[in-house]
Structures are given as structure tokens and as C-alpha cells.
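Novice: Could you look at this predicted model? Sequence included:
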Amino acid sequence: MIIVAGSMTIPGDGMANLMPVALATMTATRKEAGCILYSFAVDVADPTLLRIYEEWESREALEAHFKQPHMTPWRAKLDDVGATDRAVFSFEAGARRPV
């Protein structure tokens, strides 16, 4: 399994402008082959911080995700709202166990 986790800063009132496109992106992505989980969340302590968390069946599924048509408006909207401090990383996970 591939896990993607990270964050980015969305300054000013950008978060409200980003939410409709974020929802559309999440909805489309969750239908993709190989997507286990795909989520955005606003940090409770910092309303300008967008948290990202994803789980994918394989690296190939994640790479295919980047090429999907719904990613184009997502990337454009991130530019439009002035997203900064993007720190998003992928991890290869081993066994999954409840904590």
C-alpha cells in the first residue's frame, strides 16, 4: 500500500474558495481504481493549513491518479488561491494492523 500524507498553506480566504474544487476532486478520486482512501481536512489549530491523507493499492494507481482529468482544475485552483508551503510525501506501507 502507498500512503500519501502532507499539508499546504492556503492563505487568507482561499480555503473557502478551494472547498468546492476540493470536494469535486475528492469525489472523483474516490472512484478511481486503486484508491482506498482520499481525504482533505482543515487543521483545527490553524484554519489556513490543509491536511492531505491518501491510501492507494499501488504506486501505479497513484501515478495514474496524477494523470486524471479532474486533477487539472485542482492544480489550477491551488495556484489561484495562492497555496504555499506544500509538503506532501508518499510512503510504502507494510502490514496494516489496528492500533
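Specialist: Structure's in. What do you need?

Novice: Same question for the lengthiest helix in the chain: list its buried residues.
Specialist: Secondary structure of the chain per DSSP state H: the longest helix is helix 14-29. Neighbour counts over helix 14-29 (16 or more other Cβ atoms under 10 Å) mark 14-15, 18, 21-22, 25-26, 28-29 as buried. C-betas here are computed from N, CA, C, even on glycine.

Novice: What pLDDT is listed against D43?
Specialist: Per-residue pLDDT puts D43 at 97.

Novice: ok, now how distant is it from E54?
Specialist: 17 Å (Cβ to Cβ, to the nearest Å).

Novice: What of K31?
Specialist: In terms of Cβ to Cβ, K31 sits 14 Å off from E54.

Novice: Who has more neighbours out of these two?
Specialist: The neighbour comparison of K31 against E54 (other Cβ atoms under 10 Å) goes to E54, with 21 against 10.

Novice: So L62 lies in a helix, does it not?
Specialist: Yes: assessed with DSSP: H, G, I helix; E, B strand; the rest coil, L62 lies in a helix.

Novice: List the contacts of the residue lying closest to it once chain neighbours are set aside.
Specialist: Nearest residue to L62, sequence neighbours excluded (Cβ to Cβ, 6 or more residues apart in numbering): W56, at 4.4 Å. The contact partners of W56, taken as Cβ atoms under 8 Å, 6 or more residues apart in numbering, are 1-4, 34-36, 62, 65.

Novice: now do 6 Å
Specialist: By Cβ atoms under 6 Å, 6 or more residues apart in numbering, the contact set of W56 is 2, 34, 62.

Novice: Switch these over to a markdown table; also include distance to H70, neighbour count and pLDDT.
Specialist: A markdown table is the format used below for those (distance: Cβ to Cβ, whole Å; neighbours: other Cβ atoms under 10 Å; pLDDT from 0 to 100):
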| residue | distance to H70 | neighbour count | pLDDT |
| --- | --- | --- | --- |
| I2 | 19 | 19 | 97 |
| G34 | 15 | 17 | 98 |
| L62 | 15 | 19 | 98 |
